[in-house]
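Trainee: Sequence first, predicted model second:
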Amino acid sequence: MSNLLESVKEALQSLVTNPTSIGALVILFALIVFVMVVKKVKLTPLLMAQISLSVAICAVLNAFPLFKMPQGGSVTLASTLPIVIMAFAHGPEVGMLTGFLFGVVNLFLGPYIIHPLQTLLDYPLPFMLVGASGYFKQRHLGSIAGQVLRLLMHVLSGVIFFASYAPAGQQEGLGLWLYSISYNGSFVLLETVILLVIITVLPWERFMKTLGSRRQFTLKKPETHAL
(Lines give C-alpha, C1' and ligand atoms only; values in the text may rest on other atoms or scores of the structure.)
Protein backbone atom coordinates (compact mmCIF):
# COMPACT_ATOMS: atom_id res chain seq x y z
CA MET A 1 0.00 0.00 0.00
CA SER A 2 2.85 2.36 0.87
CA ASN A 3 4.47 1.69 -2.53
CA LEU A 4 1.21 2.58 -4.25
CA LEU A 5 0.93 5.84 -2.35
CA GLU A 6 4.54 6.66 -3.17
CA SER A 7 3.90 6.04 -6.89
CA VAL A 8 0.82 8.27 -6.87
CA LYS A 9 2.71 10.98 -4.98
CA GLU A 10 5.61 10.76 -7.44
CA ALA A 11 3.23 10.96 -10.42
CA LEU A 12 1.49 14.03 -8.99
CA GLN A 13 4.81 15.75 -8.34
CA SER A 14 6.02 14.95 -11.86
CA LEU A 15 2.82 16.29 -13.40
CA VAL A 16 2.94 19.45 -11.28
CA THR A 17 6.49 20.13 -12.45
CA ASN A 18 5.45 19.36 -16.05
CA PRO A 19 2.09 21.16 -16.41
CA THR A 20 2.27 20.80 -20.20
CA SER A 21 1.93 17.04 -19.68
CA ILE A 22 -1.36 17.65 -17.87
CA GLY A 23 -2.51 19.78 -20.79
CA ALA A 24 -1.56 17.03 -23.25
CA LEU A 25 -3.57 14.46 -21.28
CA VAL A 26 -6.58 16.78 -21.08
CA ILE A 27 -6.46 17.50 -24.83
CA LEU A 28 -6.25 13.80 -25.66
CA PHE A 29 -9.14 13.01 -23.32
CA ALA A 30 -11.21 15.84 -24.84
CA LEU A 31 -10.52 14.43 -28.31
CA ILE A 32 -11.82 11.01 -27.27
CA VAL A 33 -14.94 12.57 -25.76
CA PHE A 34 -15.50 14.60 -28.93
CA VAL A 35 -15.29 11.47 -31.09
CA MET A 36 -17.74 9.68 -28.79
CA VAL A 37 -20.18 12.59 -29.03
CA VAL A 38 -19.91 12.62 -32.83
CA LYS A 39 -20.45 8.85 -32.94
CA LYS A 40 -23.37 9.23 -30.50
CA VAL A 41 -21.92 6.79 -27.98
CA LYS A 42 -23.97 6.97 -24.77
CA LEU A 43 -22.15 6.39 -21.49
CA THR A 44 -24.87 4.58 -19.58
CA PRO A 45 -24.33 3.62 -15.93
CA LEU A 46 -23.87 -0.02 -17.00
CA LEU A 47 -21.30 0.90 -19.64
CA MET A 48 -19.39 3.14 -17.22
CA ALA A 49 -19.35 0.28 -14.71
CA GLN A 50 -17.96 -2.07 -17.37
CA ILE A 51 -15.27 0.46 -18.33
CA SER A 52 -14.26 0.93 -14.68
CA LEU A 53 -14.08 -2.81 -14.11
CA SER A 54 -12.06 -3.29 -17.30
CA VAL A 55 -9.54 -0.63 -16.26
CA ALA A 56 -9.23 -2.24 -12.83
CA ILE A 57 -8.60 -5.69 -14.36
CA CYS A 58 -5.99 -4.20 -16.71
CA ALA A 59 -4.22 -2.64 -13.73
CA VAL A 60 -4.24 -5.88 -11.75
CA LEU A 61 -2.91 -7.94 -14.66
CA ASN A 62 -0.25 -5.31 -15.32
CA ALA A 63 0.81 -5.30 -11.66
CA PHE A 64 1.87 -8.96 -11.82
CA PRO A 65 4.03 -9.31 -14.94
CA LEU A 66 5.38 -12.66 -16.07
CA PHE A 67 8.74 -10.91 -16.41
CA LYS A 68 10.10 -7.39 -16.76
CA MET A 69 12.46 -5.98 -19.36
CA PRO A 70 15.66 -4.41 -18.01
CA GLN A 71 14.96 -0.92 -19.38
CA GLY A 72 11.19 -0.77 -19.05
CA GLY A 73 8.35 -2.78 -20.50
CA SER A 74 7.06 -6.16 -19.39
CA VAL A 75 5.20 -9.26 -20.51
CA THR A 76 1.90 -9.78 -18.70
CA LEU A 77 -0.94 -12.24 -18.87
CA ALA A 78 -2.62 -10.13 -21.61
CA SER A 79 -3.22 -7.00 -19.52
CA THR A 80 -4.74 -5.32 -22.60
CA LEU A 81 -7.38 -8.04 -23.03
CA PRO A 82 -10.15 -6.03 -21.26
CA ILE A 83 -9.48 -3.12 -23.65
CA VAL A 84 -9.88 -5.40 -26.67
CA ILE A 85 -13.06 -6.89 -25.24
CA MET A 86 -14.60 -3.47 -24.66
CA ALA A 87 -13.58 -2.35 -28.15
CA PHE A 88 -15.35 -5.29 -29.77
CA ALA A 89 -18.35 -5.26 -27.44
CA HIS A 90 -19.11 -1.53 -27.58
CA GLY A 91 -17.08 -0.12 -30.44
CA PRO A 92 -13.57 1.31 -30.86
CA GLU A 93 -14.49 4.62 -29.24
CA VAL A 94 -15.29 2.89 -25.95
CA GLY A 95 -12.21 0.72 -26.37
CA MET A 96 -10.01 3.77 -26.81
CA LEU A 97 -11.55 5.47 -23.77
CA THR A 98 -10.89 2.33 -21.72
CA GLY A 99 -7.30 2.20 -22.98
CA PHE A 100 -6.74 5.89 -22.28
CA LEU A 101 -7.99 5.54 -18.70
CA PHE A 102 -5.79 2.50 -18.13
CA GLY A 103 -2.83 4.44 -19.51
CA VAL A 104 -3.48 7.22 -16.99
CA VAL A 105 -3.77 4.67 -14.17
CA ASN A 106 -0.53 3.09 -15.36
CA LEU A 107 1.08 6.53 -15.24
CA PHE A 108 0.19 6.89 -11.58
CA LEU A 109 1.34 3.36 -10.75
CA GLY A 110 4.80 3.78 -12.30
CA PRO A 111 5.48 7.36 -13.37
CA TYR A 112 8.47 8.42 -15.45
CA ILE A 113 7.94 11.83 -17.01
CA ILE A 114 10.59 13.79 -18.89
CA HIS A 115 8.53 15.49 -21.60
CA PRO A 116 4.81 15.98 -22.47
CA LEU A 117 5.15 14.03 -25.72
CA GLN A 118 6.98 11.22 -23.92
CA THR A 119 4.14 11.10 -21.38
CA LEU A 120 1.63 10.54 -24.18
CA LEU A 121 3.78 8.02 -26.07
CA ASP A 122 4.56 5.90 -23.00
CA TYR A 123 1.24 5.95 -21.15
CA PRO A 124 -2.19 6.83 -22.64
CA LEU A 125 -1.51 6.60 -26.39
CA PRO A 126 -0.24 2.99 -26.64
CA PHE A 127 -3.17 1.57 -24.71
CA MET A 128 -5.68 3.94 -26.28
CA LEU A 129 -4.65 2.67 -29.71
CA VAL A 130 -5.18 -0.92 -28.55
CA GLY A 131 -8.84 0.09 -28.43
CA ALA A 132 -8.69 0.80 -32.17
CA SER A 133 -8.85 -2.99 -32.60
CA GLY A 134 -12.62 -2.55 -32.51
CA TYR A 135 -12.54 -1.05 -36.02
CA PHE A 136 -11.98 -4.58 -37.33
CA LYS A 137 -14.68 -7.21 -37.59
CA GLN A 138 -12.32 -10.15 -37.02
CA ARG A 139 -11.08 -10.26 -33.44
CA HIS A 140 -7.67 -11.80 -34.18
CA LEU A 141 -6.87 -9.32 -36.94
CA GLY A 142 -8.11 -6.42 -34.83
CA SER A 143 -6.07 -7.53 -31.82
CA ILE A 144 -2.91 -7.74 -33.91
CA ALA A 145 -3.55 -4.30 -35.43
CA GLY A 146 -4.08 -2.79 -31.97
CA GLN A 147 -0.80 -4.24 -30.70
CA VAL A 148 1.07 -3.01 -33.79
CA LEU A 149 -0.20 0.53 -33.11
CA ARG A 150 0.83 0.16 -29.48
CA LEU A 151 4.29 -0.98 -30.58
CA LEU A 152 4.62 2.05 -32.86
CA MET A 153 4.15 4.40 -29.88
CA HIS A 154 6.74 2.54 -27.81
CA VAL A 155 9.22 2.59 -30.70
CA LEU A 156 8.78 6.34 -31.24
CA SER A 157 9.27 7.00 -27.54
CA GLY A 158 12.44 4.89 -27.54
CA VAL A 159 13.89 6.65 -30.57
CA ILE A 160 13.03 10.20 -29.46
CA PHE A 161 13.65 10.07 -25.72
CA PHE A 162 15.70 7.00 -24.80
CA ALA A 163 18.45 6.80 -27.41
CA SER A 164 21.07 6.87 -24.65
CA TYR A 165 19.90 3.43 -23.48
CA ALA A 166 20.81 1.86 -26.82
CA PRO A 167 24.17 0.06 -27.16
CA ALA A 168 27.16 2.01 -28.44
CA GLY A 169 26.97 2.38 -32.20
CA GLN A 170 23.16 2.15 -32.20
CA GLN A 171 22.30 5.49 -30.63
CA GLU A 172 21.37 7.26 -33.83
CA GLY A 173 20.11 6.69 -37.36
CA LEU A 174 18.89 3.33 -38.61
CA GLY A 175 20.67 1.47 -35.84
CA LEU A 176 18.62 3.29 -33.21
CA TRP A 177 15.35 2.49 -35.01
CA LEU A 178 16.30 -1.17 -35.30
CA TYR A 179 17.25 -1.35 -31.64
CA SER A 180 14.00 0.30 -30.51
CA ILE A 181 11.94 -2.01 -32.72
CA SER A 182 13.73 -5.14 -31.52
CA TYR A 183 13.64 -4.14 -27.84
CA ASN A 184 10.00 -3.06 -27.71
CA GLY A 185 8.90 -5.65 -30.23
CA SER A 186 10.24 -8.48 -28.08
CA PHE A 187 7.78 -7.97 -25.21
CA VAL A 188 4.89 -6.70 -27.35
CA LEU A 189 5.18 -9.79 -29.58
CA LEU A 190 5.01 -12.18 -26.61
CA GLU A 191 2.10 -10.22 -25.18
CA THR A 192 0.31 -10.42 -28.54
CA VAL A 193 0.75 -14.20 -28.71
CA ILE A 194 -0.71 -14.61 -25.21
CA LEU A 195 -3.60 -12.29 -26.13
CA LEU A 196 -4.41 -14.24 -29.31
CA VAL A 197 -4.38 -17.55 -27.46
CA ILE A 198 -6.78 -16.25 -24.82
CA ILE A 199 -9.27 -14.70 -27.24
CA THR A 200 -9.22 -17.94 -29.23
CA VAL A 201 -10.25 -20.12 -26.30
CA LEU A 202 -12.81 -17.64 -24.93
CA PRO A 203 -16.45 -18.34 -25.88
CA TRP A 204 -16.31 -15.04 -27.76
CA GLU A 205 -19.86 -14.65 -29.13
CA ARG A 206 -21.51 -15.54 -25.83
CA PHE A 207 -19.09 -13.24 -24.04
CA MET A 208 -20.03 -10.36 -26.32
CA LYS A 209 -23.75 -10.98 -25.83
CA THR A 210 -23.31 -11.06 -22.05
CA LEU A 211 -21.69 -7.63 -22.19
CA GLY A 212 -24.56 -6.26 -24.26
CA SER A 213 -22.54 -5.89 -27.44
CA ARG A 214 -23.86 -3.51 -30.10
CA ARG A 215 -22.61 -5.95 -32.73
CA GLN A 216 -24.76 -8.74 -34.00
CA PHE A 217 -23.62 -12.30 -33.43
CA THR A 218 -25.41 -15.44 -34.52
CA LEU A 219 -24.82 -18.39 -32.28
CA LYS A 220 -24.85 -21.73 -34.02
CA LYS A 221 -27.63 -23.99 -32.86
CA PRO A 222 -26.66 -27.57 -32.04
CA GLU A 223 -27.37 -29.92 -34.89
CA THR A 224 -30.22 -32.37 -34.44
CA HIS A 225 -30.33 -35.69 -36.17
CA ALA A 226 -33.53 -37.47 -37.01
CA LEU A 227 -33.84 -40.97 -35.67
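Mentor: Arrived safely, thanks for sending. Residues are numbered from 1 along each chain as shown.
Trainee: number of nearby residues for the closest residue in space to Pro111 that isn't next to it in sequence?
Mentor: The shortest distance from Pro111 to any non-neighbouring residue, by C-beta to C-beta, 6 or more residues apart in numbering, is to Ala11 (3.7 Å). (Glycine included, C-beta is placed from N, CA and C.) Neighbours of Ala11 under the rule other C-beta atoms under 10 Å: 20.
Trainee: Just say helix, strand or coil for Ala11.
Mentor: Secondary structure, DSSP: H, G, I helix; E, B strand; the rest coil: Ala11 is helix.
Trainee: residue contacts, it?
Mentor: Residues near Ala11 by C-beta atoms under 8 Å, 6 or more residues apart in numbering: 107-108, 111, 113.
Trainee: same check, this time on Phe162
Mentor: With C-beta under 8 Å, 6+ apart, Phe162 has these contacts: 71, 180.
Trainee: again, but for Leu25
Mentor: Contacts for Leu25 were tallied using C-beta under 8 Å, 6+ apart; they are 104, 119-120, 124.
Trainee: any idea which of the residues you listed is the one closest to Gly91?
Mentor: Taking C-beta to C-beta as the measure, Gly91 lies nearest Pro124 of those, at 18.6 Å.
Trainee: what does stretch 163-174 contact?
Mentor: So stretch 163-174 is contacted by 71, 158, 175-176, 178-180 (C-beta under 8 Å, 6+ apart).
Trainee: Output these in CSV, with neighbour count, distance to Met128 and secondary structure appended to each entry.
Mentor: Output for those, formatted as CSV (neighbours: other C-beta atoms under 10 Å; distance: C-beta to C-beta, whole Å; DSSP: H, G, I helix; E, B strand; the rest coil):
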residue, neighbour count, distance to Met128, secondary structure
Gln71, 11, 23, coil
Gly158, 24, 18, helix
Gly175, 15, 29, helix
Leu176, 19, 25, helix
Leu178, 12, 26, helix
Tyr179, 21, 25, helix
Ser180, 23, 20, helix
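Trainee: Centre-most residue in this structure?
Mentor: Phe127 (2.2 Å; C-alpha atoms, centre = their mean).
Trainee: Please tell me I have it right and that one contacts Pro82.
Mentor: No - judged on C-beta atoms under 8 Å, Phe127 makes no contact with Pro82 at a distance of 10.4 Å.
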